[in-house]
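**Student:** kindly return the folded structure for what I paste below:
(2 chains)
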Amino acid sequence: MEEELIIYNTLSRKKEKFEPLNPPFTGIYVCGPTVYGDPHLGHARPAITFDLVFRYLRHLGYKVRYVRNITDVGHLENDADEGEDKVAKKARLEQLEPMEVVQYYTDRYHVSMDALNVLRPSIEPRASGHIIEQIEMIRQILDAGYAYISGGSVYFDVEKYNKTNHYGKLSGRVLDELIACSRNLEGQEEKHNSCDFALWKEAQPEHIMRWPSPWSVGFPGWHMECSVMSIKYLGEVFDIHGGGMDLQFPHHECEIAQSKAALGHDTVRYWMHNNMITIEGQKMAKSLGNFITLEQFFTGNHPSLKQAYTPMTIRFFILQAHYRGTVDFSNEALQAAEKGYKKLMEAGRTLKKLIGHQPLPPEGISPGQAVENLRKQCYQALNDDFNSPVLISHLFELVRMVNCANDGIENLSSHDLASLQQLYLTFVDEILGLTDETTDGSNQRVVAGLMELLLKIRQQARMNKDWATSDQIRDSLSGIGITVKDTKEGASWMIE
RNA sequence: GGUCUCGUGGCCGAGUGGCUAGGCAGCGGUCUGCAAAACCGUGUACAGCGGUUCGACUCCGCUCGAGACCUCCA
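**Tutor:** Predicted structure coming up:
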């Protein structure tokens, strides 16, 4: 491990040295998707952010258990007229069994995440599969005296909890202010206090997903699953809990309160939150007409998209911003990212080629030191709270070195080239998870053979100064998306 | 109204109390039959107003502006 890893802890609002509880083991829990609709851009950001964390921790040699849940129960629609379960509503509209909806969108989520080269977590538990554990934890909280039964539901007593604990310590809220500001809404008569939250809720007739419990037939409260599943799979104290900044309050605040009430101690050591995304400066919302699913990005099939953007372009774009800052999507920004990504990939191919050939004679001052510095800088960037944009800026220095070597401007020894290759594989492939989309495909050999033939014919035409034929070949290829470039060593080509 | 993010050059996006981020675009050059790529060079950037300081884009305060959350859902 190179130096030490620093993580920004939302709880302390400071960067802290990362020291796992039980090295070399470490655990990370991230709030996953609610599977009631197609995966969209808002799903990509946390997934990619914590994929980077997962990958880097593994690279550093930790044995990482990464848990990311699937939320499939008890969600009320925000903008619906009546409070109907999101999954249930979808099921009713589409004449499906609720679990069928859940399975369908879970699969869709996986397809998109795979495309983005987001590694599957070690465990992907579902809320619906942990009803028993949730009931058990609610019982613990009741026994501890921090919850009360009202009707068929169970609520968390925030005020009582706050007497000996700080409810709001993660998001910087003060309970009195929360109470003062909150409005009294209908359907809250059961609560003693407006800021109390449900641990178990009795099911209304429209709720299709329901389970028996000591209190009523119903479903678990909105924050239970994460407390329960993180503790079940990572232990009563674990290292990292992540999620979007929008989850800080109330979700994560409630998780903290529940877990503390049930266990008597805190469970999470480092809280990490990724910032939100905007589209042309606006938040993404169905009402604004800028709600774009990942599939729409990949196909370009959306009115505000000028073209399709590949999964790797999206991934590169997200990684080019630091995870704690907002990131703004626009066609212009994505096109810039696409070019940058391709430049990086091109350099990777050039590097491979340089290693294949016997490199230039090692004369003059070896840039060995420069390569070594680059390696250090790459680690420094990641160690500083996973600073992927700075890492990427260093990788473009690598790109420059490779291109200079390719142009014969700079001499790199075979040792240097091997080091650069190692750097590239480590940081681009392994840690950033950026794969070369243009070399994918099963017909590679055939295409390569055809291209070799075409370029040979073109080369003969050029020798005869038959520019018409030469240009016809190049232009026609360009028309089907293949770019031909003439270099000193002959023509090279790439699929755009 | 409250809490939390944030406001950097044409676009995106790092960072620091005084020293070049980087990518994309633009401009000039090298190379080239042409083109593309690559390489070299190039930009009066840090929302506004005060304050602290020898010195602030970087610290503090205020103003303006953007976003998230503050509610029944995660």
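**Student:** pLDDT wise, what is the residue of the stretch 201-350 of chain A at minimum distance from RNA strand B at?
**Tutor:** Per CB to the nearest atom of the strand, residue A:222 is where the stretch 201-350 of chain A lies closest to RNA strand B, at 1.1 Å. C-betas here are computed from N, CA, C, even on glycine. You'll see residue A:222 listed with a pLDDT of 82.
**Student:** tell me the secondary structure at residue A:411.
**Tutor:** coil (DSSP: H, G, I helix; E, B strand; the rest coil).
**Student:** what about it, how many residues nearby?
**Tutor:** Neighbour count for residue A:411, taken as other CB atoms under 10 Å: 17.
**Student:** my read is that it contacts residue A:417, right?
**Tutor:** No: under the criterion of CB atoms under 8 Å, residue A:411 is not in contact with residue A:417, lying 10.4 Å apart.
**Student:** what sits in contact with each of these two?
**Tutor:** residue A:405 (CB atoms under 8 Å, 6 or more residues apart in numbering).
**Student:** show me the shaky parts of the stretch 201-350 of chain A.
**Tutor:** Within the stretch 201-350 of chain A, the stretches with pLDDT under 70 are A:287-288.
**Student:** just the helices in it please.
**Tutor:** A:224-234, A:253-263, A:294-299, A:311-319, A:331-356 (DSSP state H, counting those that start in this stretch).
**Student:** how is chain A carved up into domains?
**Tutor:** For chain A, automatic domain parsing gives the domain ranges A:6-274, A:279-437, A:443-495.
**Student:** ranking the ones you listed by burial, who's on top?
**Tutor:** domain A:6-274 (a mean of 19; mean count of other CB atoms under 10 Å).
**Student:** the helix or strand encompassing residue A:49 vs RNA strand B: in contact?
**Tutor:** Using DSSP states H and E, residue A:49 sits within helix A:41-59. No: judged by CB under 7 Å from any atom of the strand, helix A:41-59 makes no contact with RNA strand B; its nearest approach is 10.0 Å.
**Student:** helices or strands up against that helix?
**Tutor:** strand A:25-30, strand A:63-68, helix A:98-115, strand A:238-244, strand A:268-274, strand A:277-279, helix A:294-299, helix A:311-319 (3 or more CB pairs under 8 Å, 6 or more residues apart in numbering; DSSP states H and E).
**Student:** got a list of what residue A:31 touches?
**Tutor:** A:46, A:68, A:69, A:71, A:226, A:242, A:243, A:244, A:247, A:251.
**Student:** the first one touches residue A:274, doesn't it?
**Tutor:** Yes: checked against CB under 8 Å, the pair residue A:46 and residue A:274 is within contact range at 5.1 Å.
**Student:** identify the contacts common to these two.
**Tutor:** Counting by CB under 8 Å, 6+ apart, the residues touching both residue A:46 and residue A:274 are A:242, A:243, A:244.
**Student:** now that we have those residues, can you turn them into JSON lines and tack on distance to RNA strand B?
**Tutor:** Output for those, formatted as JSON lines (distance: CB to the nearest atom of the strand, whole Å):
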{"residue": "A:242", "distance to RNA strand B": "13"}
{"residue": "A:243", "distance to RNA strand B": "9"}
{"residue": "A:244", "distance to RNA strand B": "8"}
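**Student:** closest one of those residues to residue A:381?
**Tutor:** Residue A:381 lies nearest to residue A:242 out of those, by CB to CB, at 19.5 Å.
**Student:** what about the closest one, distance to residue A:113?
**Tutor:** For residue A:242, the distance to residue A:113 (CB to CB, to the nearest Å) stands at 15 Å.
**Student:** so residue A:128 sits in a strand?
**Tutor:** No: read with three-state DSSP, residue A:128 is helix and lies in no strand.
**Student:** which ones are touching it?
**Tutor:** With CB under 8 Å, 6+ apart, residue A:128 has these contacts: A:72, A:73, A:99, A:102, A:209.
**Student:** can I get these in CSV with distance to RNA strand B?
**Tutor:** Listed next are those as CSV, based on distance: CB to the nearest atom of the strand, whole Å:
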residue, distance to RNA strand B
A:72, 9
A:73, 7
A:99, 17
A:102, 13
A:209, 11
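**Student:** quick one: which two of those residues are the most distant?
**Tutor:** Once CB to CB is applied, the contacts of residue A:128 give A:73 and A:99 as the farthest pair, at 10.3 Å.
**Student:** got a list of what the residue nearest to residue A:25 when sequence neighbours are not counted touches?
**Tutor:** Leaving aside its sequence neighbours, residue A:25 sits nearest to residue A:63 (CB to CB, 6 or more residues apart in numbering; 4.9 Å). Neighbouring residues of residue A:63 by CB under 8 Å, 6+ apart: A:24, A:25, A:26.
**Student:** and which of these is nearest residue A:16?
**Tutor:** For the contacts of residue A:63, the residue nearest residue A:16 by CB to CB is residue A:26; the value is 14.4 Å.
**Student:** now the stretch 51-200 of chain A, which segments are flagged as low pLDDT?
**Tutor:** A:74-91, A:180-189.
**Student:** so which residues of it form strands?
**Tutor:** A:63-68, A:147-150, A:153-156, A:197-202 (DSSP state E, counting those that start in this stretch).
**Student:** to RNA strand B, which of those lies closest?
**Tutor:** Evaluated over these, closeness to RNA strand B peaks at strand A:197-202, with 4.4 Å, by CB to the nearest atom of the strand.
**Student:** distance of residue A:142 relative to residue A:257?
**Tutor:** 14 Å.
**Student:** over to residue A:417?
**Tutor:** In terms of CB to CB, residue A:417 sits 55 Å off from residue A:257.
**Student:** now swap in residue A:454 and tell me
**Tutor:** 67 Å.
**Student:** enumerate every residue touching the nearest residue to residue A:125 once chain neighbours are set aside.
**Tutor:** Excluding the flanking residues, the one nearest residue A:125 by CB to CB, 6+ apart is residue A:229, at 4.7 Å. Shown in contact with residue A:229 (CB under 8 Å, 6+ apart): A:29, A:67, A:69, A:125, A:127, A:130, A:133.
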